[in-house]
Structures are given as C-alpha cells and as structure tokens.
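*Asks:* next come a sequence and a model predicted from it.
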Amino acid sequence: VDNIQLANLLQAYIPSHYRVEEGLLDLELWQQWQDAIPVDLRGSLALQHASLANTAEQPRRIKLDRLESDYHFARDAQEWLLQLDRVRVTPADRASWPPGRVAVRGYSRDNSRWVEAAADNLVVGDLVDLLLIRAPSARLHEALVQLAPQGMLSNLRLQWPLDGQADWAFSTDFKQLAVAPWQHVPGVGNLAGALTATPTQASLHLDAEAVPVSYRQLFRDSLQLDQLQGTLHWTRGPEYWEVRTQRLAADTPDFHSNTRFSIRQADGQPVHLDLISDLFDGDVARVSKYLPTAIMGKKLVHWLDRSLSRGRVEHATALISGPLATFPYHKTRNGTFEVVALTRDTPLDYQQGWPPLEDVSARLEFHENSLDITLLEGRIYNSTIEQARATISSLDPTSPLLMKGRLKGPLEDEIRLLREDALRKEFGHIAEALQVGGNAELKLDFAVPLVDGRGDYRLDGSLFFNNASLSLPDWDLDITQVNGELGISLDALRGSGIRG
C-alpha cells in the first residue's frame, strides 16, 4: 500500500498531547495467522515528509524527510519480538543516520513481565529533540535544552520490568558524545566509552581522544585533552549518593595526569569532595591555562602569567578534601586544599624593577589561600642562590611577596643590583662610581608588593666582602683585599668591620 496519510490514520491511536501533522507511508506486509491470531508479520515500510508535534500554544516538532526499514514481528504464548533491520533515518535539514537495527522483546519471567530493547547507531541529538516534544518534567526539559547533548549510541540494551517488582538495567557504548556547559556541568566533546546503569549504581568507562573541555566557572579558556581514560562509579544508597574513581588519566599537550576522587553527599549534608591528582612532565609556560582564574584575583593572575614564562613541572600533586561549596576553605577552615609542585629551569620574574631569578629549581606549595616557594637552586645574574624562600601569605586579596635568601658570586652582581630600577634612585650614583672585583656573599630579606596599595616595600640585606677589590676612578682610589659587612636597606648603606 502506498501513500497512506498518517495524519488521518494514527491520530486516533496516539496520546492526545501529540499531533501527527503530516506524513506519507508506503507499507509492504506479509502475515501468518494461527487459530485466527496473527503470529508472524514481516515486510518493509518507508515514511516520508513526516512531522510530529505537541499541542502547546508554541508547539515543538520533529520532522523527518524519510524513515525506512524492514520489519519482523513474531509472537507465541510466552513472548513477542519486534525486529527492525536496515533502519535508515533522514531528519529534515540534518545528516542521515548510519544504518541501524532495533529489537524489542516482551516476555514473562519469575511471575514478572519484562520488556527488553536493543538498538544500534542512534543519534543522540535527534533522540533529544524527540523527547523534548513532551519531556517528563520541566526540570528535565531545561537540562536537555541547556546541555544540548550530541553523539552516537551503539550496542544499547535496556531491561525494564512492567510491573515494577524488579530493577531496570541499561547499557550502551557511545562515541562523539558532547554536552554544552551549564550550571556546574563543564562542557565536553568527543567523549567515547561505555555506560552501564541500574537504579542504585552505574559505571562510566571513558576511553577518548581529542576531548575539548569548557568550564568558564573555573578556567578562562577552553582546554584540550589529548587522551582521557578511566572508569567512574556511581552508587546510591538509602541516605547518600557517591561518584568515585580510582584512576582517571588525562593527557594534554602540556602535561600528563592521574586523578582519583570521591564526590559524596549524605542526606541533609553538603556535597563533599576528596581528590588527589598527580601531574607529570608539565610545561610551566602553559600552566596559566589550567589555573582556576575564575576564583583568583585578576592581579594575581596577571602576576603569575608574567612571572612563570618557561621551564618544566617535573611533578605536582593536588589534594582537596572538604565541602565543594566552601572551596578553597581559607575563609571557612572546614577543608583542605594543597598543591605541591617541583619545577626545573624556571625563571621567576616576580616584580618589574627587580632582577629575575634564573634557572630556578623550586618546590611550590599552595595551601588554601597562600603560596610558599622553596628555591632548591638558581641564580641572579651570575651569582648562585645558596638558599632562598619566598612566601605570599594571601593570594586573594594578594599580599606582598616576602623573600629571604643567600647567594654567592661576583661582587659585580651585587653592585649591578643597585643599578636596577627598584634601587637606582637611592644607590644608582654609588653603583655608577664604583668598579669592583672578587667575590661576595649577599643575604637578603625583602618584601615586594604585588598589587598597588597592598603592603610596603622593605629591604634588609647584608653584603659580605671576601678579599674583594674596590675602585673609585674619579677619586683615583683603589682598595684591595677588602673584607667585612655592608648593610643595605631601601634608603641607606651601613658598613661594619670593613677592612682593606
């Protein structure tokens, strides 16, 4: 039979809140009857220019240019089975689905009635559009509209008890799965893996490449994951739910990482996160992409962008334990947030007007709202840093950088320090007049405000001469074998026991 008008044929048989607006059906049907009952039906169908809508004042609709399939329906006293083979779907104004299959089976087992369904090659976006014609709830409708899921499902399996006396079960493989960012959900794309679920537990296995991540609530730019692998487990008990993983591996163009975490909420309690993440072989110049800039001060972000220009992060570990709502816990003191990182060959340009630290190897420790840096090695000019520690006691609001250290090297480096912009006004004329030789040791204890109006500059230094030489050409004065101590502050030099 060709050109059957669906609007007239089906409207009386579908729920009243749906409306078949148009469509033409070509149908081939072969039947086998037994005892006046059809027990076997098979054939093919082709549906063209179909439109299904709801009955709202501003109706949502889904349109198909064409749907075609072979079908086979069989039944006996115990069960029935419907199979659709070589299913081809062509939505209006969209790409056609890959050829797929669908099977639905009904049966009885252990005094329960069941329905099983299986399907291949289902396009998520089109299924969502079909569900949005009449979503079960306004909350689900909003979530689907905002998240805009896309992707492809295959090997889908569903078991559903019709009498509610047993638990349902669901599983599917997926690829190219994507959702848009919405509320606390990050936007992701190109996910691949498998999902299994029951009412009380679920497992999500991920094995994906080239995964974009967008989460403006934390990161200023979209991120790219070269590879994402791991399995997440969800459990729901009578009074709690939990999501956990023992290992989630993420590789980016800039580092490798392994993460394990648990997110849990008990009835009446806030959502609690326990997380440990290890990062390896990172590029310091790219670290700023992964900073949670949305919860950091703008001036601190600018300082980090300028200060960390190159080098390697050999290893870093992040620890979070506490309620998500009060992260990073520096105000509420009800959780722990720590990041410990070991860097190599990293310059630290901490403030304009002061000499940068070069070739630094350091241990960085973020604790809640503070940063502590222990320098393991490095140099200023040609002088070697023997020992140094830098601290920012508050990242937001940003407090001054406090640094204590000791370095050894050519005396010329210490004189060169006096020529830098930060000290030139007070000591530049002395540095220009002096010519020096030999080695020296410099101890420094200073503070540098990172944000204008927050803290004061401070400098307390001691320069120890070690058989050095000093020359004042304008005075025709040369002094050799100079030993002793020269104190340095922002506005004065103080000599102690200097001999030559």
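*Replies:* Thanks, I have it.
*Asks:* C-alpha only now, for contacts and for neighbours.
*Replies:* OK.
*Asks:* now do the buried residues in the longest helix along the chain.
*Replies:* As assigned by DSSP state H, the longest helix anywhere in the chain is helix 421-433. Along helix 421-433, these residues count as buried under the neighbour rule (16 or more other CA atoms under 10 Å): 422-424, 426-428, 431.
*Asks:* if we take those, which one ends up nearest to residue 341?
*Replies:* residue 422 (29.8 Å; CA to CA).
*Asks:* make JSON lines out of the buried residues of helix 421-433 and add distance to residue 335 and pLDDT.
*Replies:* As requested, the buried residues of helix 421-433 are arranged in JSON lines below (distance: CA to CA, whole Å; pLDDT from 0 to 100):
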{"residue": "422", "distance to residue 335": "40", "pLDDT": "72"}
{"residue": "423", "distance to residue 335": "42", "pLDDT": "72"}
{"residue": "424", "distance to residue 335": "45", "pLDDT": "77"}
{"residue": "426", "distance to residue 335": "46", "pLDDT": "73"}
{"residue": "427", "distance to residue 335": "47", "pLDDT": "72"}
{"residue": "428", "distance to residue 335": "49", "pLDDT": "71"}
{"residue": "431", "distance to residue 335": "51", "pLDDT": "71"}
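*Asks:* from residue 198, how far out is residue 108?
*Replies:* Distance, residue 108 to residue 198, by CA to CA, to the nearest Å: 20 Å.
*Asks:* tell me which of the two has more neighbours.
*Replies:* Set residue 108 next to residue 198 and count neighbours by other CA atoms under 10 Å: residue 198 wins out with 16 against 13.
*Asks:* which residues touch the more buried one?
*Replies:* Residues counted as contacts of residue 198 (CA atoms under 8 Å, 6 or more residues apart in numbering) are 167-170.
*Asks:* any idea how many residues pack against residue 67?
*Replies:* 19.
*Asks:* for it, list each beta-bridge partner.
*Replies:* On the basis of DSSP bridges, residue 67 is bridged to residue 47, residue 89.
*Asks:* residue 54 too?
*Replies:* Where residue 54 sits in a bridge, its partners, by DSSP bridges, are residue 18.
*Asks:* for the helix or strand hosting residue 366, which helices and strands make contact with it?
*Replies:* In the assignment (DSSP states H and E), residue 366 maps to strand 357-367. Secondary-structure packing of strand 357-367 (3 or more CA pairs under 8 Å, 6 or more residues apart in numbering; DSSP states H and E): strand 336-348, strand 370-380.
*Asks:* turn those strands into CSV, columns for mean neighbour count.
*Replies:* As requested, the helices and strands packed on strand 357-367 are exported to CSV (neighbours: other CA atoms under 10 Å):
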stretch, mean neighbour count
strand 336-348, 19
strand 370-380, 19
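*Asks:* okay if I get the ones you listed as CSV plus distance to residue 492 and mean pLDDT?
*Replies:* What follows is these, written out as CSV (distance: least, CA to CA, whole Å; pLDDT from 0 to 100):
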stretch, distance to residue 492, mean pLDDT
strand 336-348, 27, 89
strand 370-380, 22, 90
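*Asks:* of these, which is nearest residue 43?
*Replies:* Comparing the helices and strands packed on strand 357-367 by CA to CA, strand 336-348 comes nearest, at 63.9 Å.
*Asks:* most centrally placed residue in this structure?
*Replies:* Centroid-nearest residue in the chain, with CA atoms, centre = their mean: residue 213, separated by 6.1 Å.
*Asks:* next, the contact list for residue 392, please.
*Replies:* Neighbours of residue 392 in contact, by CA under 8 Å, 6+ apart: 370-372, 398-402.
*Asks:* oh, that last question was meant for residue 450, not what I typed.
*Replies:* 299-300, 303, 351, 398-401.
*Asks:* which ones among these are found in strands?
*Replies:* The subset of the contacts of residue 450 located in strands under the criterion DSSP state E comprises residue 401.
*Asks:* and of the contacts of residue 450, the nearest to residue 276?
*Replies:* Ranked by distance to residue 276 (CA to CA), the contacts of residue 450 are led by residue 300 at 24.7 Å.
*Asks:* and the closest one, how close does it get to residue 358?
*Replies:* For residue 300, the distance to residue 358 - CA to CA - is 21 Å.
*Asks:* quick one: low-confidence ranges for this structure?
*Replies:* Counting by pLDDT under 70, the chain contains low-confidence ranges at 165, 295-297, 500.
*Asks:* quick one: the helices in it?
*Replies:* Counting by DSSP H, the helices of the chain are 6-10, 124-132, 138-147, 298-307, 411-418, 421-433.
*Asks:* most neighbours per residue, which of these?
*Replies:* helix 411-418 (a mean of 20; mean count of other CA atoms under 10 Å).
*Asks:* and the strands in the stretch 1-150 of the chain?
*Replies:* For the stretch 1-150 of the chain, the strands defined by DSSP state E, counting those that start in this stretch occupy 4-5, 18-34, 37-54, 61-75, 79-91, 100-109, 112-119, 122-123, 150-161.
*Asks:* buried sites along the third one?
*Replies:* In this case it means strand 37-54. 39-42, 44-54.
*Asks:* and if you look at the fifth one?
*Replies:* Using 16+ other CA under 10 Å as the test for burial, strand 79-91 gives 80-85, 87-91.
*Asks:* and it, how far out from the chain's middle?
*Replies:* Taking CA atoms, centre = their mean, to the nearest Å, one finds the center of strand 79-91 at 39 Å from the center of the full chain.
*Asks:* which residues touch it?
*Replies:* By CA under 8 Å, 6+ apart, strand 79-91 touches 63-75, 96-108, 126.
*Asks:* got a quick ChimeraX command for the buried subset of those residues?
*Replies:* In ChimeraX, a selection of the buried entries from the contacts of strand 79-91 looks like this (16+ other CA under 10 Å):
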select :63,64,65,66,67,68,69,70,71,72,73,74,75,96,97,98,100,101,102,103,104,105,106,107,126
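*Asks:* same list (the helices of the chain) but as a markdown table, adding distance to residue 30.
*Replies:* Output for the helices of the chain, formatted as a markdown table (distance: least, CA to CA, whole Å):
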| stretch | distance to residue 30 |
| --- | --- |
| helix 6-10 | 20 |
| helix 124-132 | 30 |
| helix 138-147 | 40 |
| helix 298-307 | 72 |
| helix 411-418 | 96 |
| helix 421-433 | 93 |
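*Asks:* so what's residue 459 bridging to?
*Replies:* Going by DSSP bridges, residue 459 forms beta bridges with residue 446.
*Asks:* ok, the one 10 residues further on next?
*Replies:* Residues in a beta bridge with residue 469, per DSSP bridges, are residue 437.
*Asks:* thought it was touching residue 439?
*Replies:* No: at 9.0 Å, residue 469 does not count as touching residue 439 under the criterion of CA atoms under 8 Å.
*Asks:* check contacts around residue 495.
*Replies:* 484-487.
*Asks:* of these, just say which sits nearest to residue 313.
*Replies:* residue 487 (36.4 Å).
*Asks:* count of neighbours near that closest one?
*Replies:* Residue 487: 17 surrounding residues under other CA under 10 Å.
*Asks:* quick one: it and residue 494 touch, right?
*Replies:* Yes: assessed by CA under 8 Å, residue 487 is found in contact with residue 494 at 4.6 Å.
*Asks:* ok, residues contacting the longest helix of the chain?
*Replies:* Counting by CA under 8 Å, 6+ apart, 353-354, 415-420, 472-474, 490-492 sit against helix 421-433.
*Asks:* show the buried residues in these.
*Replies:* 354, 415, 417-420, 490.
*Asks:* relative to residue 97, how far out is residue 46?
*Replies:* Residue 46 is 15 Å from residue 97, where distance means CA to CA.
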